[in-house]
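Novice: kindly generate the corresponding structure for this input.
(chains A and B)
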Amino acid sequence: MSDARVESVVRTITEGCIENEKYFGDLDSVVGDGDFGFSLARGFEKVLEQWDSFDRSDTGTFLQKVAVVMSGRIGGTSGPIWGTAFLRAAGQVKGKQEIAGDDVVAMLRAAIEGIKARGGADLGEKTLLDALAPMTETIERELAAGSAPADIAKAAAVSARDAAEATRPMQARRGRASYTGERSIGSLDPGAVAVAVLAERVADSW
Amino acid sequence: MKKFVNDPLNFVPEMLKGIALANPDTLRYVPEYNLIMRADAPSPDKVSIIQGSGSGHEPAHVMVVGKGMLDGACPGDVFAAPPMEYVLETAKLLASDKGVLLLVNNYTGDKMAFEMAAELAEAEGLNVRTLFINDDVAVKDSTWTVGRRGVAGNFFVMKAVGAAAEAGASLEELVRIGEKVNSVTRTMGIALTPCTPPAKGSPLFELADDEMEVGVGIHGEPGRRRAKLVSADEIVDELLGAVVPDLPYSSGDSVALMINGLGGTPISELYLLYGLAHEKLAAQGITVGRSYVGEYCTSLDMAGASLTLVQLDDEITELLLAPAEIANRVF
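Specialist: Below is the predicted model of the structure:
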């Protein structure tokens, strides 16, 4: 069986991306091409459609199926980027059923490395990594301090939101937004905001 | 711009159906994944070669599926990378014991879709290698871009690895050959008009009657500069001036010279350009060993042309000479 808590988080992300289609798209049309909300929503709609039929023999398998279905049919770069994140996270928990706190950190770290490799991006380049990496560090810190899971989720959400806000003065170096150069300064990165929005939903539903 | 089209959303599937119906003995169309494949593929004795990209560049790549060339092509919609799942399923359908080689023109969307598909295919036990083609000298590489684009020079990579695969080369050998051909191939294009995607129905960009776009990409992306239209002689000088010093190609070299039409330029003009380029190369001591004139990688109906040079050696020459049987053969 796959881990029930992981499934619940994936479900929250899925619904969050579908419900925020317009908001994410509007964020992206400031400096990007406006298809971010659309791409994510179409990808996660497929996940929702096939939710009951996913192979749940273990958590890694479940996450891999989500990755393939989510990224399989959407164009642009969001599919491969988000799909890779799920795929690499899946690789960390292959064959595992129950997921512990340090597994979560390992999954997030693998997802971050996967996004870096797939997109050729690094921290500080105004991408979703700029929210994902600080959030992961917060989770690791809270785990070490022995915080309760619900509190860790709350701290993660706060950290992701702060980090997303901190993308405002950054200049985009990757993706379509990078073509606008300095004009990207002053706007929030849609990917980083999406991470914050989703982390907040996860914390609220804990 | 007038087009032969029904529902623009069905433009690619309807084209693919036509290709398959016209070649019932040699090609198979798999509508589910936009896939055109050799009817006799995969073969356990041969590496399967797959190329994918957006549509709109025909004959690349769906019309160069055949013996001695590609085993399959998985196009996306017009000018859009194929969805990752199409690439993955194409690789699985064409899986061979000798392996699968994915050829990709270096564009962000294509690169990501193919890399992720390759990762998943490997996880499912397939032996997959991916080769990127980036022959376009118009793009100045920088830290912040994905790098040079793959354009008409991809023909030479497909032809060389296709011939080698037919002769039984291993996957590692094909990667070596493909990388070698890519490393000695350079291209630059000039557009005289924009192109019109069927779903858009209007030109993708504006270009005045007396202007040309120098260094244009195969989707009409901007090149090095926009300039006043000049004579064919001066255009060939500009193209050779960009391509020759880039490798560089030098006196004593034998090259393949390709003048590729971008879709809306008559073949008469392409031969005119070819003649000029051939003589100008000869004047620099560069001999044309193989010549290619026609449409190899287009940008829908764009008027324009690109010039490609490949530095030849015995191995590449032999692979280019080997026979190939494709739907798009010219008599």
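
Novice: so who does residue 68 touch?
Specialist: As the question left the chain open, I've gone with chain A. A:83, A:87, B:85, B:88, B:120 (C-beta atoms under 8 Å, 6 or more residues apart in numbering or on different chains). Glycine gets a C-beta too; all of them are placed from N, C-alpha and C.

Novice: ah, I was thinking of chain B
Specialist: Contact analysis of residue B:68 by C-beta under 8 Å, 6+ apart lists B:159, B:162, B:163, B:166, B:322, B:323, B:324, B:325, B:326.

Novice: name the SS class of the residue nearest to the fifth one when sequence neighbours are not counted, please.
Specialist: If I follow you right, that is residue B:322. Excluding its sequence neighbours, the residue lying closest to residue B:322 (C-beta to C-beta, 6 or more residues apart in numbering or on different chains) is residue B:163, at 3.7 Å. Secondary structure state of residue B:163, per DSSP: H, G, I helix; E, B strand; the rest coil, is helix.

Novice: list, one by one, the residues from chain A near chain B.
Specialist: Residues of chain A lying close to chain B by C-beta under 8 Å from any C-beta of the partner chain are A:64, A:68, A:71-77, A:79-81, A:83-84, A:87, A:118-120, A:173-175, A:178.

Novice: again, only this time at 6 Å
Specialist: Contact residues (C-beta under 6 Å from any C-beta of the partner chain) of chain A with chain B: A:71, A:72, A:73, A:75, A:77, A:80, A:83, A:84, A:118, A:173, A:178.

Novice: packing partners of whichever strand or helix holds residue B:177?
Specialist: Counting by DSSP states H and E, the element that carries residue B:177 is helix B:171-183. Counting contacts by 3 or more C-beta pairs under 6 Å, 6 or more residues apart in numbering or on different chains; DSSP states H and E, helix B:171-183 packs against strand B:128-133, helix B:154-166.

Novice: which residues of the chain score low on pLDDT?
Specialist: No chain was given, so I picked chain A. Chain A contains residues with pLDDT under 70 at A:31-34, A:75, A:174-182.

Novice: switch to chain B, please.
Specialist: B:140-145, B:328-331.

Novice: which residues in it form helices?
Specialist: B:11-22, B:84-93, B:108-123, B:154-166, B:171-183, B:232-243, B:267-283, B:314-321 (DSSP state H).

Novice: may I have the shortest one as CSV, with CA atoms only?
Specialist: This file holds the C-alpha atoms of helix B:314-321, laid out as CSV (Å, rounded to 0.1, in the frame of the first residue of the first chain):
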residue,chain,number,x,y,z
ASP,B,314,35.7,9.0,-45.4
GLU,B,315,33.4,7.7,-42.7
ILE,B,316,30.8,10.4,-43.0
THR,B,317,30.9,10.3,-46.9
GLU,B,318,30.3,6.6,-46.9
LEU,B,319,27.3,6.9,-44.5
LEU,B,320,25.8,9.7,-46.6
LEU,B,321,26.2,7.7,-49.8
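
Novice: what's it in contact with?
Specialist: B:159, B:160, B:163, B:164, B:290 (C-beta atoms under 6 Å, 6 or more residues apart in numbering or on different chains).

Novice: ok, so of those, who is nearest chain A?
Specialist: residue B:160 (27.6 Å; C-beta to the nearest C-beta).

Novice: measure the closest one to residue A:56 for me?
Specialist: Distance of residue B:160 to residue A:56, computed by C-beta to C-beta, to the nearest Å: 46 Å.

Novice: can you check residue A:88 too?
Specialist: Residue A:88 is 19 Å from residue A:56, by C-beta to C-beta.

Novice: which bits of chain B sit near chain A?
Specialist: Residues of chain B lying near chain A (C-beta under 6 Å from any C-beta): B:80, B:83, B:84, B:85, B:112, B:113, B:116, B:144.

Novice: using TSV, please lay out the residues you listed together with neighbour count.
Specialist: Shown next, in TSV, are the residues of chain B next to chain A (neighbours: other C-beta atoms under 10 Å in any protein chain shown):
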residue	neighbour count
B:80	21
B:83	25
B:84	29
B:85	24
B:112	26
B:113	34
B:116	26
B:144	13
